[in-house]
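In: 3D model of this:
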Amino acid sequence: IDNKSKEEKSKKAKVLEIEKQLEELNPEDIENDIKRVKRALSSHEIEVNETNKSLMGLELVLTNNGTENPNELLNKAEENHKLAYDLEIAERRKANAYELLDKLFTEEQKELTNKLSLPLANKIGYYLEPIFGRDVTVTINQDKVDFNEFIISRKDNGSFSYETLSGGTKEQFSSAIRLAMAEVLSADYENKLPIVFDDAFTNSDPVRLRNLQSMLDRASNKGLQIIVLSCNPNDYVALGANKTILEK
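Out: Take a look at the predicted model:
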C-alpha cells in the first residue's frame, strides 16, 4: 500500500509540474524557439555536407604524395563528421520537444476556452429570448483559441451565422453579445458595470424595439447599468427607466 501511495504521489507531482510548465509557456516564445532550432539544424546540415566533401578530398590525397599525413587528416575529418552528426541529433530532439510542448500548450488553452465559451453562449441566448423566443440557442465556433464565429439557431428556422443576418438582427444579436460579456466582466466591478447603447437599434422595427426593452431590462436586473442614447425617446417609453433630456 505504501508503495502504491508513493507512486500516486509521484505521478501527481509530475502532473502538477507539467501543468505549471504549461502555464508558464508563451506560444510566441515557443514558435520563436522552433524557428531558432530549425535554423541551427540547417547550419549543422551544411557542416555535415562540408565534412563529407572534405572526406572525398582526403580520399584523393591518400592516392598522392603530400607534405601532410593523409591518415591524420582523415581521422580529424571523421571526428568532425561525428561531432556534427551528434549535434544534429541533439538539435532534432530539442526541436521535437518544443513541438510537443507547443501542442500540449495549445490543447490546454483550447480546452480552457471551450469551458468559457459555453457559459458565454448560454448568456447570449438568455438575452435573445425576448426577441426570438425561448427556443433560441447560440453556438460559438473557435479557431484554436479564438472566437471566430457566432451561430444563432431556432427550432423551426434553422441556424444562421452572424455575417448572414439582416442589419436589424445583427444589431440585436451584437447587443446581446455585449450584454453577456458585460455581465461576465461586471463581477470585477461589484456588478455595477455600465454599458452604453448610442442609437444602436436604428434598423429595428417597432415590434423588435419593444422586445429589446425586455432584453435591456434583463441586463439591468443582473446589475448592469444600461444607458440608452436616442434621438427618438418615445421608442423607449416602455423601458421604465430614468429619462434625461439633453437640449442644445
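
In: in stretch 228-236, what counts as buried?
Out: Applying a neighbour-count criterion of 16 or more other Cβ atoms under 10 Å, one finds Val228, Asp235, Tyr236 buried in stretch 228-236. C-betas here are computed from N, CA, C, even on glycine.

In: let me see the contact set for the second one.
Out: Same thing as Asp235. Phe201, Pro206, Leu209 (Cβ atoms under 8 Å, 6 or more residues apart in numbering).

In: do you know the pLDDT at it?
Out: The model reports Asp235 with a pLDDT of 82.

In: before we move on, the earlier item: nearest to Glu45 among the contacts of Asp235?
Out: Closest approach to Glu45 among the contacts of Asp235 (Cβ to Cβ): Phe201, at 62.5 Å.

In: from the contacts of Asp235, which land in helices?
Out: Pro206, Leu209 (DSSP state H).

In: format the contacts of Asp235 as JSON lines; extra columns: neighbour count, distance to Met215 and pLDDT.
Out: What follows is the contacts of Asp235, written out as JSON lines (neighbours: other Cβ atoms under 10 Å; distance: Cβ to Cβ, whole Å; pLDDT from 0 to 100):
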{"residue": "Phe201", "neighbour count": "21", "distance to Met215": "10", "pLDDT": "85"}
{"residue": "Pro206", "neighbour count": "8", "distance to Met215": "15", "pLDDT": "84"}
{"residue": "Leu209", "neighbour count": "18", "distance to Met215": "11", "pLDDT": "86"}
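
In: could the contacts of Asp235 be laid out in a markdown table, adding distance to Ile89?
Out: Formatted as a markdown table, the contacts of Asp235 follow (distance: Cβ to Cβ, whole Å):
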| residue | distance to Ile89 |
| --- | --- |
| Phe201 | 65 |
| Pro206 | 73 |
| Leu209 | 69 |
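
In: which residues of this structure fall in strands?
Out: 137-143, 146-154, 158-161, 194-198, 225-229 (DSSP state E).

In: paired strands for the fourth one, with orientation please.
Out: It refers to strand 194-198. Sheet pairing of strand 194-198 (DSSP bridges) gives strand 225-229 (parallel).

In: flag the shaky bits of the protein, pLDDT-wise.
Out: Counting by pLDDT under 70, the chain shows low-confidence ranges at 1-2, 25-27, 59, 61-70, 108-116, 142-148, 248.

In: tell me, how many residues neighbour the closest residue to Ile34 other than its chain neighbours?
Out: Excluding the flanking residues, the one nearest Ile34 by Cβ to Cβ, 6 or more residues apart in numbering is Tyr98, at 5.1 Å. Using other Cβ atoms under 10 Å, Tyr98 is surrounded by 21 other residues.
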